[in-house]
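*Asks:* this one's sequence-less:
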């Protein structure tokens, strides 16, 4: 298995609402057969009906709320960008679950959930370099 | 918000077990402060304690099982690779939730869940080109 992820698919209750949320933050997607595809760096970010996604993956859908055991992060280049993005998301319908604050690793981060409850961390982490194209490099921690 | 994802973090019950699962499939990570980091293309793929992740994101952890409303996909270049990877994952402790089969879009895919229940689709989708470095391009569907 090559060390990479090809797609991240979020199950959503209302495709139009979910697409509008991400587009209000500046993303642009394409809708095909009740699915919205966004090119996100070297992978695809996809919005699809939650029930369809559960069925497609062979899993029973349980509760539609609460922590699903996974978070996504969007790292930015300054603390100011963290504040601006969390504010913009809040204005677009996100729920801020953790206001931005200094982190133990010397960064600055906060969390919001999108309209379907999917958590996003918005972080400035000086220890994780971002390339010009936005790709992130995990540093060599000198550990094993 | 730039159109990209920086980190995917999976909450896990047993960090050693989770790391061993991904490493048995060929990935190599670094452990720092009870967190395992993998470089996955242009983003970081992270394993962290589920309770810590819930707390960090300001969310209450509910049930630890069932569908969390999100799936990850790993696309490969042939049907044979789909079969081989699902078989390897199963041998490493994954649960196959949907055996590989032809898909409506002319591809071939199946799903497994990792030891913490996180669903992965393994897919061959001839319509979504994979570059040499594994990055995936969403095609232009000619839609809006």
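*Replies:* Yep, that arrived. A quick note: this is a predicted structure, and the numbers were derived from the prediction, not measured. Numbering: from 1, shown residues only, chains lettered A, B, ... in the order given.

*Asks:* which residues of chain A fall in strands?
*Replies:* A:7-12, A:30-32, A:35-40, A:43-49, A:70-75, A:95-102, A:108-113, A:119-124 (DSSP state E).

*Asks:* got those as CSV, with mean neighbour count, mean pLDDT and distance to residue B:27 columns?
*Replies:* Where C-beta positions appear, they are placed from N, C-alpha and C, glycine not excepted. Converted to CSV, the strands of chain A look like this (neighbours: other Cβ atoms under 10 Å in any protein chain shown; pLDDT from 0 to 100; distance: least, Cβ to Cβ, whole Å):
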stretch, mean neighbour count, mean pLDDT, distance to residue B:27
strand A:7-12, 23, 95, 17
strand A:30-32, 15, 94, 30
strand A:35-40, 21, 96, 21
strand A:43-49, 23, 95, 16
strand A:70-75, 23, 95, 17
strand A:95-102, 15, 96, 29
strand A:108-113, 23, 96, 25
strand A:119-124, 24, 96, 22
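
*Asks:* with distance to residue A:60 added, can I get the ones you listed in a markdown table?
*Replies:* Formatted as a markdown table, the strands of chain A follow (distance: least, Cβ to Cβ, whole Å):
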| stretch | distance to residue A:60 |
| --- | --- |
| strand A:7-12 | 13 |
| strand A:30-32 | 27 |
| strand A:35-40 | 21 |
| strand A:43-49 | 15 |
| strand A:70-75 | 18 |
| strand A:95-102 | 26 |
| strand A:108-113 | 23 |
| strand A:119-124 | 22 |
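
*Asks:* wait, which of the ones you listed is closest to residue B:44?
*Replies:* strand A:70-75 (8.1 Å; Cβ to Cβ).

*Asks:* hang on, the earlier thing: any chance of the strands of chain A in JSON lines, plus distance to chain B?
*Replies:* Formatted as JSON lines, these follow (distance: least, Cβ to the nearest Cβ, whole Å):
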{"stretch": "strand A:7-12", "distance to chain B": "4"}
{"stretch": "strand A:30-32", "distance to chain B": "5"}
{"stretch": "strand A:35-40", "distance to chain B": "5"}
{"stretch": "strand A:43-49", "distance to chain B": "5"}
{"stretch": "strand A:70-75", "distance to chain B": "4"}
{"stretch": "strand A:95-102", "distance to chain B": "3"}
{"stretch": "strand A:108-113", "distance to chain B": "5"}
{"stretch": "strand A:119-124", "distance to chain B": "5"}
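
*Asks:* done for today, thanks.
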